Every structure is written in structure tokens, then in C-alpha cells.
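Enquirer: give the three-dimensional model of this entry:
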Amino acid sequence: MLKKLRTKFVCIMMAFVTVMLLVIFGLVIFFMNAGLEAQSHRMMQSIESGITGPGTLQDRPETVSLPYFAIQLNRWGGIIATSGFLEMKDEETIQNMLQYVLNTEEQTGILEEYAVRFSKITRPTGQILIFADISSQRTIMRNLIYSCLLIGTASFLIFLGLSLLLSRWAIKPVEQAWQQQKQFVADASHELKTPLTVIMTNAELLQSNGCTEEANRQFSESILTMSRQMRGLVEGLLELARVDNGAVKTNYVPLDLSRLVTDAVLPFEPLFFEKEMTLLTAVEPGLRVKGSESHLRQVQDILLDNAMKYSEPGGEILLKLKRNSVNGVLSVSGPGEPISKEDLKNIFKRFYRIDKARSRDGSYGLGLSIAQSIVEEHNGRIWAESENGRNTFYVQLPLSD
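Expert: All right, here's what the predicted structure looks like:
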């Protein structure tokens, strides 16, 4: 699929470049040819305008720049005067040219065989025949066309190489999204497979004969436990889908972030107390943002829940909210095992868990991914740091007036 998309991108780019080059060089050739023709016609008109009467042909008007030959005839076809010369044209050739022009009804035209443009002017006193050599113009046009073909071919090859490079760069986000989608489907399938297997196995055991009432009760509890885990996973996936579809921005309102953080801490205080952990807060008042109150509260809940799960027993959890220039920075810090640099890069990926066994207690690696999506929808940034025996998660949000 990605290969076809890259090929399609290159084909579209090269089709556009080809049309653009053809138009540009076509216009250059057209206007150059038109300019040379206009120059030839102006020269012939200049020669004609210099003939005021019988025998008044000028030797070479100042405005004439091309080789030419002019003949003035009387009413009976006799030659009155001649002017100019044609390079590389012998007398026999000129006689053949004269004979052709006198016998044709056309007033102007080109003698392709001789590379000469002619003009026949009829006056009451006779006819005027003017021949202009256009071989130099033909040479100029041939050289121009050759140059355009050479430059066009070189430009086409250069743009082809650039298109190949640009296609890789342009398709890279799509490729990453495609790989993430494949990984997401694989991870979701894997996470659902285990509880489904447990549910099916216990359901089959419930249907079997010979099981005691106590065993049947255990099978039912196991089915209920796995069902709750699956519901939690599905709810997490649905929340990710809602965030990805822009559901966050539909609830944007001006709100007091300081008050929101303070209120969100209250439900967690007894939970930390039960685990013999200390929760300290330092919230700078009066910080305001524009966003979704429910989603920003969800971000804080995710960070506090993670701190409660992964911090050392009896540890001290510190929550801070302070102003940093035009941004508000929320941080949740707790003591715990150091997180490697590799894990710090991947910890916000969907289904990523440092401790793979955490899925057994309902942790599927979706919380931080949901938090990241919400924060990014608020034009903010979320990251984690691990140093001096403490792991800290930061959320930076732009403040409003």
C-alpha cells in the first residue's frame, strides 16, 4: 500500500513538472519564433516604405538587419531597380524564386526549399518583390529547441530525483501512522485474547458436569473479573478514539486551572493514605487556561493514579502547579525505580508498559497515551524525567488571560 502511495505521489509530481516544463518552454519557443517573424516582417515593411516611386529602392535601410533582396517591376514586368543581396544564393536560385513568386497568388509566404520569406506588393506603377533570408532565424530556433530539450531533460531528471526524496519524506508520517495502526491492532488483539480465553475456558468448565458449587463460584468470579478488565480496556480504547476525533475541543471553555487541580486532588487523598503514602501539593493560584475541564481533570487523575501504582510504598508524592512564562506547568513526582531513557521515549505509546505484568491488575498502557492526546489537543506538551531516585511527569499548557 505504502509503495503504491509513494509511486502515485511521484507520478503526480512528475506529471505536474512535465506539464509545467512543457508550458514554460513552449511559451519561450512560441514568443521567440513570433519575435523573429515580427522582426522579419518589420524589415520587409521598412524596405517597402522606402520605395516612394519607380527606381527609388534604397541600397540598405538602417532598420534592415537580415540579408534580403528586393526587385521593383513596372506594369509590364520589366525590372526597374534592385537592392540588397542574399547570401549563398546564386543567380539561378534567385531566378527560380522570382518565377515562383510571380506565378503564385499569395502575397506573402515562405519558400521552405530556400529558407526565404517573400512579400509581393502590387502598386499602380508595378510590383515590388522582397525576399528576406530566414536561415539565421531557423538556426536560432533550432538551437533554442535543442537547448530547451536539453534543459528540460536535465530538469526532469533532477525533479524526478527530488520527487523520490520528497515522496519518502511526505509518506513518512503516513508510514508511521500505518505502522502504529498495525501495532495498535496487534496489541489490542493480544490484550483482548487473554481475558477472552479465560472467560471461554471458565464458561466451558461451568457447563461441564461434576463441578462442585465452590468451583462453579470460582469460575463465575473469574469470568466477572476478566469481563471487568475487558470493559476497562474497551473504555480506554473508546476514549482514545473520542480524543483522536477531536471530541476534546468541542468542550473548550475558560477555566481556573488552579482550582481544577486543587479539587482533583481531594478524591485521591484517602487512597494515598490507605497505601501509607504522603501526597503534598503546591498550587500557584490564579492560573487560567482555555480547555475542556473534564479532560484536563482526566489527565491529572491519570498522573496521580500512575504515581500511586508505581511509586515506592510509603513514598512522598509531590504535585506542583506553577507559572512558567506564558505557560502553566503541572508536575507529579514520586520515588520509584529509575526509568531508562528508552522507556522515557516510549512510555506514552499505546499499550506500552515498563512492567509487562501490570496488565494483570488492569493496567493496559493506555492511560499516558490518553493523557498525551488530551494535552496535545490543548496545544500543550507532556513529558517525563527520571533522576535522583524520583520519576516526574510534566504537563505544560498555554495560559489564557
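
Enquirer: the closest residue to F348 other than its chain neighbours sits in which helix or strand?
Expert: In this structure, F348 finds its nearest non-sequential neighbour in Q372, 4.5 Å apart by Cβ to Cβ, 6 or more residues apart in numbering. Where you see a C-beta, it was placed from the backbone N, CA and C, and this is true even at glycine. Here Q372 sits within helix 367-377, counting by DSSP states H and E.

Enquirer: ok, S294 next?
Expert: Element membership of S294, judged by DSSP H and E, is helix 293-310.

Enquirer: equivalent analysis for P285, please.
Expert: For P285, there is no enclosing helix or strand under DSSP H and E.

Enquirer: where's it relative to L257, distance?
Expert: Distance, P285 to L257, by Cβ to Cβ, to the nearest Å: 10 Å.

Enquirer: so those two - more neighbours on which side?
Expert: More crowded of P285 and L257, by other Cβ atoms under 10 Å: L257, with 25 against 10.

Enquirer: ok, now which ones touch the more buried one?
Expert: L287, R288, V289, L296, L321, G328, L330, L397, L399 (Cβ atoms under 8 Å, 6 or more residues apart in numbering).

Enquirer: repeat that for 6 Å
Expert: By Cβ atoms under 6 Å, 6 or more residues apart in numbering, the residues touching L257 are L287, V289, G328.

Enquirer: and these, which is closest to R142?
Expert: Of all the contacts of L257, R142 sits closest to V289, with 69.9 Å by Cβ to Cβ.

Enquirer: so what pLDDT did that closest one get?
Expert: pLDDT recorded at V289 is 92.

Enquirer: just checking, it is part of a strand?
Expert: Yes - looking at V289 with DSSP: H, G, I helix; E, B strand; the rest coil, it is inside a strand.

Enquirer: roughly how far apart are the residue lying closest to it once chain neighbours are set aside and F268?
Expert: Excluding the flanking residues, the one nearest V289 by Cβ to Cβ, 6+ apart is L257, at 4.8 Å. Distance check for L257 against F268: by Cβ to Cβ, it reads 17 Å.

Enquirer: ok, now G315?
Expert: To F268, G315 is 14 Å away according to Cβ to Cβ.

Enquirer: cool, and K182?
Expert: Per Cβ to Cβ, K182 is found 36 Å from F268.

Enquirer: do I have it right that the residue nearest to F348 meets I382?
Expert: Yes - contact status for Q372 versus I382: in contact at 5.2 Å, counting by Cβ atoms under 6 Å.

Enquirer: show me the shaky parts of the stretch 1-150 of the chain.
Expert: For the stretch 1-150 of the chain, the stretches with pLDDT under 70 are 1-2, 50-65, 81, 83-90.
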